[in-house]
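S.K.: with the input below, show me the fold.
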Amino acid sequence: MLNFRQYHQLTTPNYQLIFLSQLPAQAIQDFLQVGLTQTSQYINQAMQAIMLDERLTWGIQTMPEGNFYGLVTLVPTRPQWQLTISGPQPIPAEIKDRLQYLIEQQFHCSKWKLTINLRPTNLN
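M.R.: Here you go, the predicted structure:
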């Protein structure tokens with residue numbers, strides 16, 4: 001059984017993937033380009049989905065600067081998992097490599113699809 005709560009932070013040499021509740025809401029709001037109410041709802045829905053083991057959502061933060069870089073969502077659907085990365089292009093290989101390791105080695109999933117969005121198209 002999945003326990004998504006334990007994946008609250010993933011690191012690479014230059015980035016951290018952190019649950020949205022641990023990041024500045026203003027940075028998320030600026031990235032999503034929506035109002036404060038919609039941003040709060042997005043963060044709350046993302047955290048609820050993690051607690052229910054429905055999907056993982058992280059904010060990407062640069063290290064050591066701590067600048068907000070983008071969003072990652074991982075949904076464990078069948079027959080293949082869905083991974084979406086939203087942020088500036090190109091997405092650094094170290095982020096993709098870390099997520100591939102997580103999916104294939106830790107979640108033992110061999111079928112998954114990567115979607116890259118230059119900017120998020122909606123809040124779902």
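
S.K.: for the residue nearest the centre of the chain, helix, strand, or coil?
M.R.: Nearest to the geometric centre of the chain sits residue 72, at 2.2 Å (Cα atoms, centre = their mean). With DSSP: H, G, I helix; E, B strand; the rest coil as the basis, residue 72 sits in strand.

S.K.: show me where this structure has its strands.
M.R.: 9-11, 15-19, 56-62, 68-75, 81-86, 112-117 (DSSP state E).

S.K.: what residues sit buried inside the fourth one?
M.R.: What it means is strand 68-75. If you call a residue buried by 16 or more other Cβ atoms under 10 Å, then strand 68-75 has these buried ones: 68, 69, 70, 71, 72, 73, 74. Just so you know, the C-beta spots here come from the backbone N, C-alpha and C atoms, and that holds for glycine as well.

S.K.: who does that strand touch, helix- and strand-wise?
M.R.: Packing partners of strand 68-75 (3 or more Cβ pairs under 8 Å, 6 or more residues apart in numbering; DSSP states H and E): helix 25-32, strand 56-62, strand 81-86, helix 93-101.

S.K.: closest one to residue 9 among those?
M.R.: Nearest to residue 9 among the helices and strands packed on strand 68-75 is strand 56-62 (8.2 Å), distances taken as Cβ to Cβ.

S.K.: that closest one pairs with which strands, and in what direction?
M.R.: Applying DSSP bridges, strand 56-62 is found paired with strand 15-19 (antiparallel), strand 68-75 (antiparallel).
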